[in-house]
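Novice: return atomic coordinates for the entry below.
(one chain, ligands or ions: 1)
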Amino acid sequence: MIEREGILFVVSAPSGAGKTSLCKAITDSLDRLTHSISYTTRKPRPGEIDGRDYFFISEDRFRDMIDAGDFAEHAHVHSNLYGTSKRVLNDMIREGTDIILDIDTQGARQIKEHYQTAVFVFIMPPSMAILEERLRNRKSDRDEEIRKRLQRAADEIREYSLYDYIIVNRDFERALSELRSIVVAERCRTTMLKHDWIDTLLK
Ligand code: 5GP
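Specialist: Numbering: from 1, shown residues only. Now for the predicted structure:
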């Protein structure tokens with residue numbers, strides 16, 4: 001058995017770029033890869049389940065968690081707070097489970113500071129027109145909300161150089177295959193492996 005720590009994959013994208021579906025599909029298709037469930041003060045959308053999609057909590061509770069140092073990163077996104085549990089992340093890394101963090105660019109910056117071996121992937125929409133069309137097709141957001149999300153999308157895309165990999169989500173299956181290739185390649189990276197077992201091979 002090749003033992004190693006879990007790898008942290010940070011995946012960011014403007015909303016509507018297809019990141020949530022890609023993250024779900026990749027965790028369904030690979031072993032030992034799990035999706036970190038964030039805490040948020042946003043209200044659940046229809047179909048979303050507490051504890052599966054997010055932990056939906058009050059702003060007071062969120063602020064208490066910030067004060068207690070419970071978050072590995074947290075950010076203000078679209079007028080709501082979002083954060084990743086530090087304990088869950090560190091436990092998974094220690095156990096050797098790889099983790100996908102579906103977080104925004106502010107959160108990605110914070111993770112980059114504290115987790116030097118994390119891998120950063122940005123999902124790009126093919127064009128702003130396609131992004132707008134996808135947001136409108138979701139029908140869950142009002143015009144004003146869509147306008148805000150498009151503005152934010154442009155701001156997020158400007159941060160692309162923070163990321164190790166860029167995937168253009170023109171075709172879902174192709175984007176998924178690219179994401180899977182990144183995860184598989186990173187798992188074979190020499191610096192991620194514990195080397196003791198190689199020494200035993202040579203004895
Ligand atoms: P949504 O409300 O559409 O689910 O997510 C809005 C944005 O918040 C997305 O860009 C998503 O990646 C980001 N987000 C979700 N969870 C977290 C988190 O724990 N931390 C940060 N920084 N961003 C998050």
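Novice: okay, stretch 15-34 in CSV with CA atoms only?
Specialist: What follows is stretch 15-34 as a C-alpha-only set of coordinates in CSV (Å, rounded to 0.1, in the frame of the first residue of the first chain):
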residue,chain,number,x,y,z
SER,A,15,-21.0,30.7,-11.0
GLY,A,16,-22.6,29.1,-14.1
ALA,A,17,-19.4,27.7,-15.4
GLY,A,18,-20.5,24.2,-14.4
LYS,A,19,-18.2,23.7,-11.5
THR,A,20,-20.7,22.1,-9.1
SER,A,21,-21.7,19.4,-11.6
LEU,A,22,-18.0,18.8,-12.5
CYS,A,23,-17.0,18.5,-8.8
LYS,A,24,-19.9,16.1,-8.2
ALA,A,25,-19.1,13.9,-11.2
ILE,A,26,-15.4,13.7,-10.3
THR,A,27,-16.0,12.6,-6.7
ASP,A,28,-18.5,10.0,-8.0
SER,A,29,-16.0,8.6,-10.5
LEU,A,30,-12.8,8.4,-8.4
ASP,A,31,-12.0,6.6,-5.2
ARG,A,32,-10.6,8.3,-2.1
LEU,A,33,-11.7,11.7,-3.4
THR,A,34,-14.3,13.6,-1.5
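Novice: need the residues that contact that stretch.
Specialist: With contact meaning Cβ atoms under 8 Å, 6 or more residues apart in numbering, stretch 15-34 is reached by 6, 11-13, 35, 78, 92, 96-100, 102, 123-125, 131-132, 134-135, 138, 149, 152-153, 167, 169, 172, 175-176, 179-180, 183-184. Backbone N, C-alpha and C define where each C-beta goes, glycine included.
Novice: report the mean confidence score over stretch 56-66.
Specialist: For stretch 56-66, mean pLDDT is 98.
Novice: can you tell if stretch 101-119 touches the ligand?
Specialist: Yes. Judged by Cβ under 6 Å from any ligand atom, stretch 101-119 and the ligand are in contact via D102, I103, D104, Q106, G107.
Novice: got JSON lines for the residues you listed, with secondary structure and pLDDT too?
Specialist: JSON lines is the format used below for these (DSSP: H, G, I helix; E, B strand; the rest coil; pLDDT from 0 to 100):
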{"residue": "D102", "secondary structure": "strand", "pLDDT": "95"}
{"residue": "I103", "secondary structure": "coil", "pLDDT": "96"}
{"residue": "D104", "secondary structure": "coil", "pLDDT": "95"}
{"residue": "Q106", "secondary structure": "helix", "pLDDT": "97"}
{"residue": "G107", "secondary structure": "helix", "pLDDT": "98"}
